[in-house]
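S.K.: coordinates for the following, if possible.
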Amino acid sequence: MMVKTKSTRVKAPANLPAGEALHINCGSHDVGTSNPTGRVATDGGISRGAQFLKCKKPINIATSTMNTRTLKNPHKQLELCALAKKYRIEVLAIQEHRIVHSDNSELQFEDLPEGFQLITASAYRNKIGASIGGVGILLSSSAKRAMLSTTIITTYSPTNVSDEEDVEEHYKQLNAATKSVPAHNVLIIAGDFNARIGLDDAKFAYHQNTNRNGDFLLEFAQENNLIITNTTFQKKKSKLWTCVLPSGFRAQLDYVLIRKKWKNCVINTQAYNSFASTGSDHRIVTANIRLSLRANNKSPSKRVKYDWAKLATDPELQDRYTLEIKNRYSVLSDDNCADQTQKYNYLIQANKEAAEK
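M.R.: You can find the predicted model right below:
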């Protein structure tokens, strides 16, 4: 799903099976549980288009991701907004909200307290009718005002125990969404990738070894010139894990990626316990991003003003002007192959050059 700034109009994904939407992919946990094990037809990711206003002072954008497990209860939405305001989260990529829309192909926009807006793609129902999956983005009022030329994709990957074909389809769609983003945009991809990255592949990873989904993630990041920000900062192990599995095992499954071009803008990325009251088994992962975009210092070109009143009253100037146009046009139009349109363009150019003289 592509969300345009300012107007917040969105282009809904074309072929969405019943389930995740918003350019997002779904799956569930990294072990076999009652949670979904990944969709056969996954959804790419939410792309939020926007531009940062030109300014001299840096813009600080706290961009986070969290698998909320559910947001069906309005009280949980209110709590999420209160926590986001308290901890100054500007953009929150959400996975598994489990909100089913009446029209699965449409995105839903909901204004929440504290100036936040929740944009969601529909969850879907499994064989027994339970709602699962669903992705979205929570935006603060300041993020909506200040952002421009920035794309945010939120994604929910199939689990490591799901069919490999599902994971391949997920990354195929995620790749397509990523490659559609203009090269000059600040691109941030955040979500629950259900992937473990080992120390052999990342300097500051939580796990010793990379699993199958981790290989897919690393290949995707390399192909699209992205860095995985929460494996680039040296942290205690307690700051790296993002999820507690039913077995009690801790895992790092949630990541925030950014284009390498903007890697120096990422001040810090780590997991926090600050959203534990939401009841999710995932922790929020926040990347503190400081963007300092140069203002355009080029002065606008001055428009040349011609004294047409003088031309209208000066016969000598009229003769010179007419002669100049004829001479210049004869030079430009000395082309037997020129069609009528081209000859007209020659006349306009001759007129312009004569006026400048």
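
S.K.: who's in contact with Lys85?
M.R.: Contact criterion C-beta atoms under 8 Å, 6 or more residues apart in numbering gives Glu114, Phe116, Ser140 as the residues in contact with Lys85. Just so you know, the C-beta spots here come from the backbone N, C-alpha and C atoms, and that holds for glycine as well.

S.K.: lowest-confidence entry in the residues you listed?
M.R.: pLDDT is lowest at Glu114 among those; the value there is 90.

S.K.: helices of the stretch 101-250 of the chain, residue ranges please.
M.R.: Secondary structure of the stretch 101-250 of the chain (DSSP state H, counting those that start in this stretch): helices at 141-146, 164-179, 212-223.

S.K.: got the angle between the last one and helix 164-179?
M.R.: Read it as helix 212-223. Orientation check (axes from the mean of the first three to the mean of the last three C-alpha atoms, to 10 degrees): helix 212-223 against helix 164-179 gives 20 degrees.

S.K.: pull the CA atoms of helix 212-223 into PDB?
M.R.: Once side chains and other backbone atoms are set aside, the C-alpha atoms of helix 212-223 remain, and they are given as PDB (Å, rounded to 0.1, in the frame of the first residue of the first chain):
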ATOM      1  CA  ARG A 212      16.500 -19.900   6.900                       C
ATOM      2  CA  ASN A 213      14.400 -16.700   7.300                       C
ATOM      3  CA  GLY A 214      17.600 -14.900   8.300                       C
ATOM      4  CA  ASP A 215      19.300 -15.900   5.100                       C
ATOM      5  CA  PHE A 216      16.300 -14.500   3.100                       C
ATOM      6  CA  LEU A 217      16.500 -11.200   5.100                       C
ATOM      7  CA  LEU A 218      20.200 -10.900   4.600                       C
ATOM      8  CA  GLU A 219      19.900 -11.500   0.800                       C
ATOM      9  CA  PHE A 220      17.100  -9.000   0.600                       C
ATOM     10  CA  ALA A 221      19.100  -6.300   2.500                       C
ATOM     11  CA  GLN A 222      22.100  -6.800   0.300                       C
ATOM     12  CA  GLU A 223      20.200  -6.800  -2.900                       C
END
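
S.K.: by contact count, what packs against it?
M.R.: Where contact means 3 or more C-beta pairs under 8 Å, 6 or more residues apart in numbering; DSSP states H and E, helix 212-223 is packed against helix 164-179, strand 226-228.

S.K.: switch to 6 Å and redo it
M.R.: Taking 3 or more C-beta pairs under 6 Å, 6 or more residues apart in numbering; DSSP states H and E as contact, the helices and strands that helix 212-223 lies on are helix 164-179.

S.K.: average pLDDT for the helix it packs on?
M.R.: Predicted confidence along helix 164-179 averages 96 (mean pLDDT).

S.K.: now neighbour count and distance to Phe204 too, for the contacts of Lys85, in TSV please.
M.R.: Supplementary listing: these in TSV, determined by neighbours: other C-beta atoms under 10 Å; distance: C-beta to C-beta, whole Å:
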residue	neighbour count	distance to Phe204
Glu114	13	34
Phe116	24	32
Ser140	23	29
